[in-house]
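Undergrad: Sequence first, then the predicted structure, then my questions.
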Amino acid sequence: MDATPHATPTTSSHAPPDHRHALAFRHVGKRFGRADGTSLEVLRDVSFDVPAGSVVSILGPSGSGKSTLLNMAAGLLTPDEGRVLVLGHETSGTVDWSRLGYMFQDDRLLPWRSALGNVALALEAGSIGSRERRRRAEHELARVGLADFAGAYPHQLSGGMRSRVALARSLVTEPDILLMDEPFSRLDAQTRTTMHHELLRIHRERAMSIVFVTHDVEEAVILADHIVMLSPRPGRVHAETTVTLPHPRLGTPQAQALVADLRAAIAGLSSDWVI
Ligand SMILES: Nc1ncnc2c1ncn2[C@@H]1O[C@H](COP(=O)(O)OP(=O)(O)OP(=O)(O)O)[C@@H](O)[C@H]1O
């Protein structure tokens, strides 16, 4: 599918699970029951890996099961067929869920809590004392550039700032794997670009794997080391592409060529996929 020297299309991985993989999906299938008694097949025979330390983008049209895959990785849903492994462990067995962070499409900030209070919230389930929670939350807010807004409430923050608070909240537990479900889709283009830079900077600073769900081809190319493209429902792995272009990629001819290649690959795949 690809004409550039910086992208390598590969086939779905069927190799045995490996501990070097942050996540491994093996022949995953999922159906949801419907009110009329029938069921909706959402995912079929999906296999791919998220190598440790990588940024993997799951790209697919609406309804192709992208969020369902993330929810399986987070242990919120179980596959009907196949297996999902987190850091080498079956999600049906013993997984240390504190090693995962999740950032959603909406920021889900509590309006009655300050930025600091929202970030510290992520630590409240553990045994960390309140002073240490505060220290870590302050540190995390500073790392996303919001040291001066710790006391501000969500309604006092811009969309981009709220997004940074949500990012800090998902990072304050120092996860090994960060699951991101279209986290910047509600931001304006400029703020979105800023958040892409921020995310890549944070990724460079930490030994962390990121799974980034999007239906935006350009966003996938800007961020990902590896792109898993799903077909329309039931989602199957339509293609995988490894991206080795240096960062920053936005606007570079090589990135534009890869975006064009991927758009060509999905043309005709789905009429409701806005590319
Ligand atoms: N808990 C559920 N019960 C019933 N159906 C569900 C459930 N969760 C998801 N679905 C359905 O499964 C399909 C896939 O949903 P999912 O959210 O995983 O897709 P997606 O690719 O993330 O879509 P989008 O890009 O629109 O967010 C959709 O048709 C959705 O309505």
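TA: Noted; the coordinates are in hand.
Undergrad: Can you get me a residue count around the residue of the stretch 151-275 of the chain found nearest the ligand?
TA: Closest approach of the stretch 151-275 of the chain to the ligand (Cβ to the nearest ligand atom) occurs at H215, with a separation of 5.3 Å. (Glycine included, C-beta is placed from N, CA and C.) Residues contacting H215 under the criterion other Cβ atoms under 10 Å number 23.
Undergrad: Same check on the one 10 residues further on?
TA: By other Cβ under 10 Å, 19 other residues sit near D225.
Undergrad: thought the residue of the stretch 151-275 of the chain closest to the ligand was touching D181?
TA: No: the pair H215 and D181 fails to qualify as a contact (Cβ atoms under 8 Å) at a distance of 11.1 Å.
Undergrad: tell me, what's touching those two both at once?
TA: By Cβ atoms under 8 Å, 6 or more residues apart in numbering, H215 and D181 have these common neighbours: K66.
Undergrad: Wait, L69 touches V28, no?
TA: Yes: contact between L69 and V28 holds when scored by Cβ under 8 Å: they sit 7.3 Å apart.
Undergrad: if you count what's nearby, which of these two comes out ahead?
TA: Neighbours per residue, other Cβ under 10 Å: of L69 and V28, the larger number sits with L69, 30 against 23.
Undergrad: Give the helix, strand or coil label for the more buried one.
TA: Classification of L69 by DSSP: H, G, I helix; E, B strand; the rest coil places it in helix.
Undergrad: Tell me who's in contact with it.
TA: If you count contacts by Cβ under 8 Å, 6+ apart, L69 has them with 25, 28, 43, 46, 58, 213, 235.
Undergrad: among the residues you listed, which two are most distant?
TA: V28 and V213 (15.0 Å; Cβ to Cβ).
Undergrad: my guess is L230 meets E240, correct?
TA: No: L230 is beyond contact range of E240, at 10.5 Å (criterion: Cβ under 8 Å).
Undergrad: Show me which of those two is the more surrounded one.
TA: It is L230, of L230 and E240, that has more neighbours when counted by other Cβ under 10 Å, with 28 against 20.
Undergrad: Phi and psi next, for that one.
TA: phi -90, psi 150 (degrees, to the nearest 10).
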